[in-house]
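> Next come a sequence and a model predicted from it.
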Amino acid sequence: MTAEVCGLLTTRDDAFRPGDKAALKTARANLSRGKTLTITDYKPLPQACDDDTTLPDALNEFYTWFEMQNDTPAQKLPTPPNNQALCLSPADVRKTLSRVNPRKAVGPDNIPARLMDVLTQGCPILFLEIYYPANLRVGRSPGTGLGTPVLTDIFNTSLSQAVVLTCLKSTSIIPVPKKSPVSCLNDYRPIALTPIMMKCFERLVMRNIKTSLPNTLDPLQFAYRPNRSTDDAISSTLHLVLTHLENKDSYVRMLFIDFSSAFNTIIPQQLIHKLSLLGLNTSLFNWKTSVSPTTTLNTGAPQGCVLSPLLFTLLTHDCTAKFSSNHIIKFAATTMKHYREEVAQLVEWCGANNLSLNVSKTKEVVMEFRRNSVDHPPLTIDSSAVERVSSTKYLGVHITEDLTWTTNTISLSKKAQQRLHFLRRLKRASLPPPILTTFYRGTIESVLTSCITVWYGNCSAADRKTLQRTVNTAAKIIGAPLPSLLDIFLAQCSGKATSIVKDPTHPSHHLFQLLPSGRRYRSIRAHSARLLNSFFPQAVRALNSSHLTPL
């Protein structure tokens, strides 16, 4: 009970005594809001910028500079005679609409997300006139009058004609500050708010694209692949690093690359060509060339759209290593000559695909454990030296040059300790233990166990105690037992290993080899404790110690 809440209580009582209903309603609303702010300790953020009437026009002009670099107009490819356009079913459309978050921000059409669930039951006339104009209804029946058949017909017509309705392509750009305070226009990130209906449409198309991708896709491409996650990307990277460092007089140079406005620089015609090489349906990627005549932009994939990350992933699928000693998601070269040639080839590939390397944010980490280390010449990209750092953050995990995990542990511990404050607030509000446990698992345990299979095995005893101390504190606050981090780590190791063994297309599947007896897996040979305690040797030991029959 704070002074602010006491004052709101007094205001409510003063409004109740004379019977002023309007004042009482306002006082009760203020009291409810005040209690929520007190429990959560919410503090409003300062404004990112001053009110400036010229800012929207300046941002609009700034965001369109990518168009100046593109002189290749998007053109549709000829459709083969036997080509069959993607056909969506009413069941898929209904399922996608029912899963829409009702709190999603509305797009420029101002149609709220909660209306999507209504559309699965019926289709309002106003909606039909907006999204199903007469030129698309020629010779077609809108269905039985229910919303799902009408929307299915709209989507299928759009796909078959390779035309996207202008009302679905309209976008509201929201400038979100990248940092505070904002000093220039480049400190804003353009986030696109598209119509909710278009988001549903994109999800349906994305599902088809993901199922149509060939097995020949780069195995080191972990995004939008089944049974792949950030854990797999980091574990595979570290295993290659640790295995290479087992060799005598070896070292590793890892280059962490950052692109400038990657989504905004995608050229549609290049993307279409690469989608055709992947064997996607011709009508489908022609559908992506439908550019609104009311805009002048012909470049980029808006940030905030459902399909943009997947399309960027497919654009970079042919960015593969030239030499077998190199690997892209990282470089682990046996010679400096190959390493520099690989970087030069990467720069050339980026130029050919209209992607700009952000050298100021590109970092290099050199890992070596030789007694007589040597000075490594700096790497240069476009006449700019790449900064060499002792630690960098890769997919949410801090990787250091000595491959210890104290930096990562400190970061996780600080974040979890901050969230313990909210757990204590909820406890003071007399919430029951089941709700407190749910809050803990969603906001604290999820932080402590993020990519835990990657780093926990090589954590020092002091680091493990630091993290476990947070779990013990949370258990005391909740008043109920909580699983230890060691138990979670062992369970996730076994689960991840089992999923890799079941997936022959996984890039690390070859590390799990059955012995001739067929009852155990071959242990991974390791000379150092760093490799021995890493994920894959731990996973093999976990499978061998379990009583399950090898898969």
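Here it is on my side, so go on. Numbers count the residues shown, from 1 in each chain.

> Break the protein down into its domains, please.
The record's domain parsing of the chain by automatic domain parsing lists 3-37, 85-212+267-300, 213-266+301-400, 406-483, 492-545.

> Ok, which of these comes nearest Leu59?
Among these, the nearest to Leu59 by CB to CB is domain 85-212+267-300 (5.4 Å). C-beta: built from backbone N, CA, C; applies to glycine.

> from what I can see Val5 touches Thr36, true?
No: counting by CB atoms under 8 Å, Val5 does not reach Thr36; the two are 10.5 Å apart.

> returning to what we had before: can I get the domains of the chain in TSV with distance to Phe62 and mean neighbour count?
TSV is the format used below for the domains of the chain (distance: least, CB to CB, whole Å; neighbours: other CB atoms under 10 Å):
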stretch	distance to Phe62	mean neighbour count
domain 3-37	36	13
domain 85-212+267-300	5	16
domain 213-266+301-400	11	16
domain 406-483	33	17
domain 492-545	40	17
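
> got a markdown table for those domains, with mean pLDDT and distance to Leu55 too?
Putting those into a markdown table (pLDDT from 0 to 100; distance: least, CB to CB, whole Å) gives the following:
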| stretch | mean pLDDT | distance to Leu55 |
| --- | --- | --- |
| domain 3-37 | 88 | 30 |
| domain 85-212+267-300 | 72 | 8 |
| domain 213-266+301-400 | 77 | 19 |
| domain 406-483 | 94 | 32 |
| domain 492-545 | 91 | 46 |
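
> Which among those is found nearest to Glu61?
Proximity to Glu61 (CB to CB) singles out domain 85-212+267-300 among the domains of the chain, at 9.0 Å.

> which secondary structure element contains Ser97?
For residue 97 the amino acid is Leu, not Ser. Taking DSSP states H and E as the criterion, Leu97 maps to helix 90-98.

> counting contacts, what elements does the helix or strand following that helix pack onto?
On the C-terminal side of helix 90-98, the closest following helix or strand by DSSP H and E is helix 115-119. Judged by 3 or more CB pairs under 8 Å, 6 or more residues apart in numbering; DSSP states H and E, the packing partners of helix 115-119 are helix 90-98, helix 147-161, helix 196-212.

> just to revisit the earlier point, how about the domains of the chain, which one is nearest Asp57?
Judging the domains of the chain by CB to CB, what sits closest to Asp57 is domain 85-212+267-300, at 11.2 Å.

> ok so, going back, the helices and strands packed on helix 115-119 into JSON lines, with extra columns for distance to Leu275?
Formatted as JSON lines, these follow (distance: least, CB to CB, whole Å):
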{"stretch": "helix 90-98", "distance to Leu275": "21"}
{"stretch": "helix 147-161", "distance to Leu275": "14"}
{"stretch": "helix 196-212", "distance to Leu275": "8"}
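
> Figure out which of those helices is closest to Ala58.
Here helix 196-212 is closest among the helices and strands packed on helix 115-119 (CB to CB), at 27.0 Å.

> If I take that closest one and helix 90-98, what angle do their directions form?
Here helix 196-212 runs at an angle of 120 degrees relative to helix 90-98 (axes from the mean of the first three to the mean of the last three CA atoms, to 10 degrees).

> Just want the angle from helix 196-212 to helix 147-161.
Going by the same axes, to 10 degrees, helix 196-212 makes 60 degrees with helix 147-161.

> So which elements touch helix 196-212?
For helix 196-212, the packing partners by 3+ CB pairs under 8 Å, 6+ apart come out as helix 90-98, helix 115-119, helix 147-161, helix 166-169, helix 282-287, helix 308-315.

> on that earlier part again, can you give the contact residues for the helix holding Leu97?
Identification of contacts with helix 90-98 by CB atoms under 8 Å, 6 or more residues apart in numbering yields 116-117, 119-120, 147-149, 151-152, 155, 200, 203-204, 207.

> Kindly recompute the last result at 6 Å.
The contact list for helix 90-98, computed with CB atoms under 6 Å, 6 or more residues apart in numbering, reads 116, 120, 148-149, 151-152, 200, 203-204.

> Same question for stretch 393-409.
230, 234, 365, 367, 390-391, 411, 451, 455, 459, 463, 466, 530.

> what's the first-to-last distance across it?
Using CA to CA, to the nearest Å, one end of stretch 393-409 lies 13 Å from the other.

> How far away from the center of its chain is that stretch?
In this view, stretch 393-409 has its centroid 19 Å away from the chain centroid, taken as CA atoms, centre = their mean, to the nearest Å.
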